[in-house]
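Chemist: Dropping the sequence and predicted coords here.
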Amino acid sequence: NGHTNKYLVQQLNTYVFKEPDALMKNVVSVTDYLHKEVIAAGGDPERESLYVFFTKDNKPYYIDSEGSFWRCYNCIENTHTFDVADHPRQAYEAARAFGAFQQLLCDMNPEDIHETIPFFHHTRRRFDHLEKAAAADSHGRLNTCRKELDFIRRRERYVDVLLDLQERGELPVRIVHNDTKINNVMLDRETDKAVCVIDLDTVMPGSVLYDFGDMVRTMTSPAAEDEENLDKTFLRMPMFEAVVKGYLEAARDFITPQEVSKLAFSGLLITLETGIRFLTDYLEGDVYFKTKKERHNLHRARTQLRLVESMEEQMPEMEECVRKCFQTVNG
């Protein structure tokens, strides 16, 4: 009828996600649930949530002749994304979107969702994996990153903080996104208002603190993740405040005081964890993260560790910002 429909056809990464069937069951469950919740809230489900199109034989993916898995989503038009927040308003909108995402899913049973990457944010396991990689030194790279390894070892005290709270049952298990980079929120091209959260492959049971921590990691620094000039990497307090405000405005009805008390720390922890992952991959020969230049993962690790340092320097101010924002959103 003279109307063109656009779709997004996407190949699944079966190297990272070993169980594509379980992954797609998660995506379908979450998108169906979000679709209904957006409708109930009076929103536009075709624009504010992803939708999975099924094949003719009623499967949420297609397997081609080479064994590759493909899926099809609705295309959300007139939107764009950013790898680095240029303005606090962008960080605010993205953080609010992720908070709203958690809010919409807060009544969904975490036991209905598969753990597609086991122990994804288990920082103790990540730390121990790094130590094994350093001990093996399988690619002869240890001498090029001893300074970074020592930096991480001096901060081992951080790795068990949230894990211990989870073990004691003091942090609720929720359905969370687990990859809350700013470029996983589609923003309206004209207004820069958040439209839709995307990239649901890592949606799993976990803690909202890991989601919030990754927002802080990816939205507060002006530098790219692989910036080699470390002077460009630091936490910008106006961006941090925007993230806190946006998130708490959306999450205030479900977040607990214990979770609020660890929001600032979670940014430091997830940034350290990401640095650990980059350094581990560097020592193991760049087998997980795609690289585009020599020592790419080492540069990535250095950027994360510099950001950790900046957060440590500003932690009292970060914690005070969280306290004030929480008071404000709760009247």
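Modeler: Arrived safely.

Chemist: that's a strand at residue 231, yeah?
Modeler: No - looking at residue 231 with DSSP: H, G, I helix; E, B strand; the rest coil, it is helix, so not inside a strand.

Chemist: how close does it sit to residue 158?
Modeler: 24 Å (Cβ to Cβ, to the nearest Å). (Glycine included, C-beta is placed from N, CA and C.)

Chemist: Surely residue 200 and residue 26 touch.
Modeler: Yes - here residue 200 reaches residue 26: they are 7.4 Å apart, a contact under Cβ atoms under 8 Å.

Chemist: that older thread, so between residue 231 and residue 158, which is more surrounded?
Modeler: Using other Cβ atoms under 10 Å as the criterion, residue 231 and residue 158 rank with residue 158 on top: 18 against 8.

Chemist: Please verify my assumption that that one contacts residue 268.
Modeler: Yes - counting by Cβ under 8 Å, residue 268 is a contact partner of residue 158 at 6.9 Å.

Chemist: burial count for residue 238?
Modeler: Residue 238 has 11 neighbours, counted by other Cβ under 10 Å.

Chemist: Phi first, then psi, for residue 178.
Modeler: Phi and psi for residue 178, reported as degrees, to the nearest 10, are phi 70, psi 10.

Chemist: Next one, pLDDT for the closest residue to it other than its chain neighbours please.
Modeler: Distances taken as Cβ to Cβ, 6 or more residues apart in numbering place residue 202 nearest to residue 178, at 3.8 Å, with adjacent residues excluded. Looking at residue 202, its pLDDT stands at 92.

Chemist: residue contacts, residue 202?
Modeler: 116, 117, 120, 177, 178, 179 (Cβ atoms under 8 Å, 6 or more residues apart in numbering).

Chemist: Please tell me how far it sits from residue 287.
Modeler: Residue 202 sits 19 Å away from residue 287, going by Cβ to Cβ.

Chemist: Chain neighbours aside, what residue packs nearest to residue 88?
Modeler: With Cβ to Cβ, 6+ apart as the criterion, residue 88 has its nearest non-adjacent residue at 3.7 Å, and that residue is residue 242.

Chemist: Report how many residues lie close to the one you found.
Modeler: Neighbour number of residue 242 under other Cβ under 10 Å is 25.

Chemist: right, and it touches residue 94 too?
Modeler: No - counting by Cβ under 8 Å, residue 242 does not reach residue 94; the two are 9.1 Å apart.

Chemist: any residues in contact with both of those two?
Modeler: In contact with both residue 242 and residue 94: residue 219, using Cβ under 8 Å, 6+ apart.
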